[in-house]
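[1] sequence unknown, structure follows:
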């Protein structure tokens, strides 16, 4: 059993399936105004590094690092197929994402997640992300949690 993480294009069948699953999950937890989902075309921009996790060749996870242009970047579309949970897919995606952020000399990585996603909050906290005020174009939302990790 092998797990690999690689930079790949987001517009491929296995990734689109994960993005649909992610959308459905978010829509089951939050009202539309609290969902900050980006579509696949925004993941294809040159300022976005898109990671795909494969387990024995099958796509089981993904995430994007979207550079803001101010020395920071945002984690977008982090999602792991429920059937692949327990394989440390999210941890490996986080490690790959942070390695690219350091390589690109970014000063901070930020994210927005929902308050009803304790697994996501625990993952980000484990990696040293701390709560911050809303950033970028985000507005305060009682259902959102904003986090940041300063990089060396």
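    Structure received. The structure displayed is predicted, hence computed values, not measured ones.

[2] What residues sit buried inside the helix ranked longest in the chain?
    The helix spanning the most residues in the chain, taking DSSP state H as the definition, is helix 13-29. Buried residues in helix 13-29, counted by 16 or more other C-beta atoms under 10 Å: 14-15, 18-19, 22, 26. Yep, even glycine has a C-beta here, placed from its N, CA and C like the rest.

[3] Same check on stretch 36-49?
    Result for stretch 36-49 [16+ other C-beta under 10 Å]: buried residues 36, 43, 48-49.

[4] for those, which one is nearest residue 133?
    Taking C-beta to C-beta as the measure, residue 133 sits nearest to residue 36 out of the buried residues of stretch 36-49, at 15.5 Å.

[5] Please report the distance of the closest one from residue 143.
    Distance of residue 36 to residue 143, given as C-beta to C-beta, to the nearest Å: 10 Å.

[6] Thought residue 120 was touching residue 78, still the case?
    Yes. Counting by C-beta atoms under 8 Å, residue 120 is a contact partner of residue 78 at 7.1 Å.

[7] about what we covered before: now tabulate the buried residues of stretch 36-49 in a markdown table and tack on pLDDT.
    Formatted as a markdown table, these follow (pLDDT from 0 to 100):
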| residue | pLDDT |
| --- | --- |
| 36 | 87 |
| 43 | 97 |
| 48 | 98 |
| 49 | 98 |
